[in-house]
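1. here are the coordinates; sequence isn't available:
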């Protein structure tokens, strides 16, 4: 049970967390903070927060749990702003997509990685942003990866873990570097591909979009995601993302070669291999999904 | 009204067409043909066809409409097999994803492009194959592009057009080369990207798929499509697809560069431009979709 929860950045992610914890009866009071007063007023109106302050340290005062849900680029500044208000018993966590960044930001803001810091990443979201887009079931059946450092306080880790389980998620733990490597493949790369695809089609013959079918629609959905967030993710997970993009580019080059030389055998092998991998992944994710858990399509 | 419809290759595409035309009361008798007897028996069992023959010319005999729904690579051979049975009043059409191929195959099989040939492409499908996956609403609200040649008989063109409208689709007409160029962008390229992405992730750290979220799921869905079909599409639309892959590869290279040098401004601009294009496309497709037409997600 969280007595007082402080959410920094009350948008889709933070707002949905507050709603999910209320649904579970796992939180007492929720206090929001943000740079934009209108966002906080709206969050209060929607009942997502019970109170708010434009001053982050003020909002954090007395909170036993502080969750930072701002774009990655603001992390260090947010940590600095929170610092004076942090309670001795507070656990500090975040919801960012790149975990090594959180350690970098913490080192810069606190001079070291504090024991009360437990970086986490809920693998959930939609292409929409803002508190109006938040909903209590966003995390149901989803994975949240915790990447506590070696010096993390086990009690803080357990409280962050319990919070996400109360919000409906399944939790996992791994090293921050490994997290960033894996997410570069399964999340960051697909988002960037979607942006590039949409941009390429938009640059092509004027009405090509008219003839897009469901494959394109599904594929390009994530290109409607927030450009600031994705810019920050690229900057923060630079090495892993650049490496994945380069590996992808090389495979696209190979494929273009196979197509140019009309190598039907190689094309078939490549496609059949991918289809098997995709079918196996689908079977596996169907097995894992509990009925009605929303694990197959609500993101 | 079609009196006798011959469908060559009774799978998802041909089976759904037969079902849609029956729903509309727009067809008398449906005869199927295929290389695989078990597929034809199953189509008869499901009531998708009224009769069948393993001999294509036999199946075509007396049909006023013949629709070829086989993989592109089989087109020439199918045309040769149909030829002896084709009725004088028959219109001959297909459902292939590459339209210049149909002209090439017709020239090879008939010695010229026959006036009764009206190539067409329904922009609809799912990642499933086979007659068991067919359903009557597959074409509701979807586009079908007709690419009749200069010598096409206007009566045949009109009959093929009317057939697809009866099946629930909206029809368009354009030049075969332009069709192949546009589809390379909005359909062929996304499918190939999905194959490459899934293949790359499968080659990476063992359990990366475990951490895939909705974006990846949506993006990779089409990687479960039939490898034979996609091999044939690559071989048949070789030039346009290779060019699109190369253009995509070049943009991926640019993006990797921007990420490596940490150029946040350029990344933001690129993402914001793509987001605007995607949002505009979505608005446009929502405006076009009639309520309940299934135009936004059933493919």
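-> Ah, there it is. Small disclaimer: the values here were computed from a predicted structure and weren't measured.
2. residues in contact with the nearest residue to residue A:21 once chain neighbours are set aside?
-> Distances taken as C-beta to C-beta, 6 or more residues apart in numbering or on different chains put residue A:27 closest to residue A:21, at 4.0 Å, once the chain neighbours are dropped. Yep, even glycine has a C-beta here, placed from its N, CA and C like the rest. Contact analysis of residue A:27 by C-beta atoms under 8 Å, 6 or more residues apart in numbering or on different chains lists A:1-2, A:5, A:18, A:21.
3. give the buried subset of these as a ChimeraX selection command.
-> Per 16 or more other C-beta atoms under 10 Å in any protein chain shown, the buried members of the contacts of residue A:27 correspond to this ChimeraX selection:
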select /A:2,5,18,21
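4. among the contacts of residue A:27, which two are most distant?
-> Maximum pairwise distance among those (C-beta to C-beta): 14.5 Å, between A:1 and A:18.
5. looking at the stretch 1-150 of chain A, which residue is nearest chain B?
-> Residue nearest to chain B within the stretch 1-150 of chain A: residue A:123 (4.6 Å; C-beta to the nearest C-beta).
6. that residue contacts residue A:145, correct?
-> Yes. Residue A:123 is in contact with residue A:145 according to C-beta atoms under 8 Å; the separation is 6.9 Å.
7. who touches both of the two?
-> residue B:211.
8. for the residue nearest to residue A:21, give its distance to residue A:49.
-> Separation of residue A:27 from residue A:49 (C-beta to C-beta, to the nearest Å): 11 Å.
9. who touches both of those two?
-> Shared contacts of residue A:27 and residue A:49, defined by C-beta under 8 Å, 6+ apart, are found at residue A:18.
10. and residue A:149, how many residues sit next to it?
-> Residue A:149 has 18 neighbours, counted by other C-beta atoms under 10 Å in any protein chain shown.
11. ok, and the closest non-adjacent residue to it?
-> In space, residue A:149 is closest to residue A:113, 5.0 Å off (C-beta to C-beta, 6+ apart).
12. and the one you found, how far is that from residue A:75?
-> Computed as C-beta to C-beta, the residue A:113 to residue A:75 distance reads 13 Å.
13. so the two - more neighbours on which side?
-> Neighbours were tallied for residue A:113 and for residue A:75 using other C-beta under 10 Å; the higher tally belongs to residue A:75 (25 against 18).
14. mean confidence for the host helix or strand of that one?
-> Secondary structure from DSSP states H and E places residue A:75 in helix A:75-82. Across helix A:75-82, the average pLDDT comes to 97.
15. same check on stretch A:247-262?
-> Confidence over stretch A:247-262 (mean pLDDT, whole number) is 97.
16. is chain B within reach of that stretch?
-> Yes. Using C-beta under 8 Å from any C-beta of the partner chain, we find that stretch A:247-262 touches chain B at A:247-249, A:251-253, A:255-256, A:258-260, A:262.
17. can you tell me which two in those residues are farthest apart?
-> Across the residues of stretch A:247-262 next to chain B, no pair lies farther apart than A:247 and A:262, at 24.9 Å, counting by C-beta to C-beta.
18. pick out whichever of those two has more residues nearby.
-> residue A:247 (17 against 13).
19. so which helix or strand takes in that one?
-> Going by DSSP H and E, residue A:247 is part of helix A:238-260.
20. now do that helix and helix B:238-260, the angle between them.
-> For helix A:238-260 against helix B:238-260, the angle by axes from the mean of the first three to the mean of the last three C-alpha atoms, to 10 degrees is 170 degrees.
21. pretty sure residue A:63 sits against residue A:28.
-> No. Shown here, residue A:63 and residue A:28 do not form a contact pair, counting by C-beta under 8 Å, at 10.2 Å.
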